[in-house]
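Asks: turn this into a structure:
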Amino acid sequence: MKIGIIGAGGVGSSTAFALIMRGVARKVVLIDQNQSRAEAEAEDIAHATPFAYANKIKAGKYEDLKNAEVVIVTAGANQKPGQTRNDLLATNVKIFENIIPQIKKYAPNTILLIATNPVDVMTKVALNISGFPENRVFGSGTVLDTARFRTLLGYHLGVSPKSIHANVVGEHGDSEVLIWSNADAGTVQIEQLAKDINKPLTEEIKSEIDNNVRNAAYHIISGKGSTTFGIAGALTRICQAIGSNEYAILNVSSLHNKVENIEDICISLPCIIGKRGIHGKIYPSFSDDEHKLLEKSAQTIKQHTDIALENIK
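Replies: Numbers count the residues shown, from 1 in each chain. Below you'll find the predicted structure:
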């Protein structure tokens, strides 16, 4: 599979490295307005290929995206300490007005995978600017947040995160919703399992897990300036599902006509991912309180989406 990556910063270069080392991409084209940075990152990653797969990576220009099955957009303003993802909105809309038409010109049949924040809003911006079918434009959404949730539950329970089914839905941001009501491991509801193995999920522990999932990015940015490896892993997992036509269920951010009475937004809910992009969408079951939280999350996305779309020329 040929994959283009727009943006050779921390997220873009880490994703390129993960794609190459996991053997997900046959060829990666790394594009950045700083050509020297893109060339340096591509060369550095290429030197690791003898230790993994005989795949190719190069720095390129937009015309090199021809026949790319997936184009990942990571380009945009970086979230700084103290900033929310939505603080990046105006700057990143302008950047997309330059980037997306170029992708459309040279890779009109590609799948657009958006990682730029605020990812739910920017996914809708990309969808509107590109005019691509909605199954071919989606964002990384809460795939990473879900992984964080499962990881922390696994640490607490002493169970592999891969064996835990627990999801984060809604906004990839401060209003995201951790779904406790239908989380399970070994077919046992997660809170019941915790009691059974004498590791109860008290309200204090649940609050701590919620805080560490919801605020993970702020903590990482405070310590190292940016998040890179987690999102690179999430993007690689999504591309793997596309390339292998897995029909995997992942919480990507996609267009929904109505979510909790909020219309026409991109929001993270479980989607079936394969070679055509989104093959289907799933609306999960959860508690009344979680429905209310999801409605608030959808309202937040809608508010910022409306502002973003007004800024598109």
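Asks: CA only for contacts and neighbour counts going forward, please
Replies: Fine.
Asks: how about the helices in this protein?
Replies: If DSSP state H is used as the criterion, the helices of the chain fall at 10-22, 35-46, 89-106, 119-130, 143-157, 190-196, 203-214, 216-224, 229-243, 288-310.
Asks: to Val177, which of those helices lies closest?
Replies: helix 288-310 (6.3 Å; Cα to Cα).
Asks: domain assignment for this protein?
Replies: 2-139, 143-308 (automatic domain parsing).
Asks: pLDDT on the longest one, on average?
Replies: Yep, that's domain 143-308 we're talking about. Domain 143-308 comes out with an average pLDDT of 95.
Asks: over to the shortest one?
Replies: Predicted confidence along domain 2-139 averages 93 (mean pLDDT).
Asks: point out the most buried one among the helices of the chain.
Replies: helix 119-130 (a mean of 25; mean count of other Cα atoms under 10 Å).
Asks: spatially nearest residue to Ile129 (excluding sequence neighbours)?
Replies: In this structure, Ile129 finds its nearest non-sequential neighbour in Ile100, 6.7 Å apart by Cα to Cα, 6 or more residues apart in numbering.
Asks: ok, the one you found - contacts?
Replies: Contact analysis of Ile100 by Cα atoms under 8 Å, 6 or more residues apart in numbering lists Ala126, Ile129, Ser130.
Asks: can you tell me how far the second one sits from Val73?
Replies: For Ile129, the distance to Val73 equals 14 Å [Cα to Cα, to the nearest Å].
Asks: quick revisit: quick one, which of the helices of the chain is nearest to Met1?
Replies: Closest among these, once you apply Cα to Cα, is helix 229-243, at 6.3 Å.
Asks: show me what that closest one is packed against.
Replies: In terms of contacts (3 or more Cα pairs under 8 Å, 6 or more residues apart in numbering; DSSP states H and E), helix 229-243 is packed against helix 10-22, helix 143-157, strand 271-274.
Asks: can I get those in a markdown table including distance to Asp306?
Replies: Formatted as a markdown table, the helices and strands packed on helix 229-243 follow (distance: least, Cα to Cα, whole Å):
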| stretch | distance to Asp306 |
| --- | --- |
| helix 10-22 | 27 |
| helix 143-157 | 24 |
| strand 271-274 | 24 |
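Asks: thanks a lot, see you next time.
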